[in-house]
Each structure stands twice: as C-alpha cells, then as structure tokens.
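>>> Please find the sequence and the predicted model below.
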Amino acid sequence: MRETKLPKTNATAPMAVPDAPQLLTDLRQLIEQAREAAVVAVNSGLTWMHWRIGQRIRAEVLGGQRANYGEEIVSTVSRQLTADYGRSFSTKSLRHMMNRPGFRGGRLV
C-alpha cells in the first residue's frame with residue numbers, strides 16, 4: 001500500500017484574518033475594560049476592608065473611647081498583622097483606618 005503525501009505547509013506563516021486590525025482593536029478594548037474593572041474591584045475591596053478594620057478596632061478594642069491601653073493593643077495587633085500580611089498594617093496604617101469616616105443610617109459621616 002502506498003502512502004499518500006500531504007502538501008507541505010509553512011506552520012509559521014500567519015493565517016489571513018479578515019479585518020485583523022478591527023479584531024485586534026476589539027480584543028485590546030476587551031482586555032483594557034477587564035483590567036479597569038479588576039482595579040476598581042480591588043480598590044473597592046481594600047477600601048471596605050480598611051474601613052471594617054478601623055471600625056472593628058474602634059468599637060471592640062477601644063470601646064469607642066481613647067485609652068492608654070488602647071494604644072498598646074493597636075501596637076500589638078499591628079505587629080501581629082504586619083508579621084502575617086506585611087507593612088500595610090503598621091501602627092500608623094491602623095490609626096489611619098481607625099480615623100476613616102464611617103457610615104451611619106446609610107450616609108457617610
């Protein structure tokens with residue numbers, strides 16, 4: 001039985017795509033939109049997390065009042081969180097989180 005030989009093709013030659021410039025433009029736009037949506041989602045999530053951390057420290061650890069022991073607790077929590085998650089949770093950062101405006105009755109205060 002005789003083998004049939006297939007014609008040789010150049011595997012590196014680009015395929016002809018009708019309206020390739022428009023396709024690339026559309027794909028680039030999709031990529032940019034997805035990247036922008038990801039940035040917005042991450043920023044929103046971080047803002048929410050920071051607000052909740054500050055609220056939790058103010059309400060539960062400090063009881064809504066300033067106290068000397070509160071500063072020690074914030075420093076201790078900061079050391080532990082920094083060891084786990086990095087410098088974004090320094091004492092200074094936690095204080096900033098605690099001082100963020102909050103929401104009451106659905107309104108920013």
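The structure has been received and is ready for your questions.

>>> Quick check: buried residues in the helix or strand harbouring Val39?
Using DSSP states H and E, Val39 falls within helix 20-56. Across helix 20-56, burial judged by 16 or more other Cβ atoms under 10 Å covers 50-51, 53-54. Every residue, glycine included, has its C-beta placed from N, CA and C.

>>> For the helix or strand containing Ser93, C-alpha coordinates in CSV please.
Per DSSP H and E, Ser93 falls inside helix 91-98. Only the C-alpha atoms of helix 91-98 are listed here, as CSV (Å, rounded to 0.1, in the frame of the first residue of the first chain):
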residue,chain,number,x,y,z
THR,A,91,0.6,51.0,63.7
LYS,A,92,0.3,54.2,61.6
SER,A,93,-1.8,52.5,59.0
LEU,A,94,-4.1,51.1,61.6
ARG,A,95,-4.6,54.5,63.1
HIS,A,96,-5.5,55.8,59.6
MET,A,97,-8.0,53.0,59.3
MET,A,98,-9.5,53.9,62.6
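
>>> picking up where we left off before, would you list the buried residues of helix 20-56 in CSV and tack on distance to Asp19 and pLDDT?
CSV is the format used below for the buried residues of helix 20-56 (distance: Cβ to Cβ, whole Å; pLDDT from 0 to 100):
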residue, distance to Asp19, pLDDT
His50, 46, 93
Trp51, 47, 91
Ile53, 50, 93
Gly54, 52, 90
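
>>> Those: which two are farthest apart?
Greatest spatial distance in the buried residues of helix 20-56: Trp51 and Ile53, 7.4 Å, computed using Cβ to Cβ.

>>> residues shared between the contacts of the two?
The contact sets of Trp51 and Ile53 overlap at Met97 (Cβ atoms under 8 Å, 6 or more residues apart in numbering).
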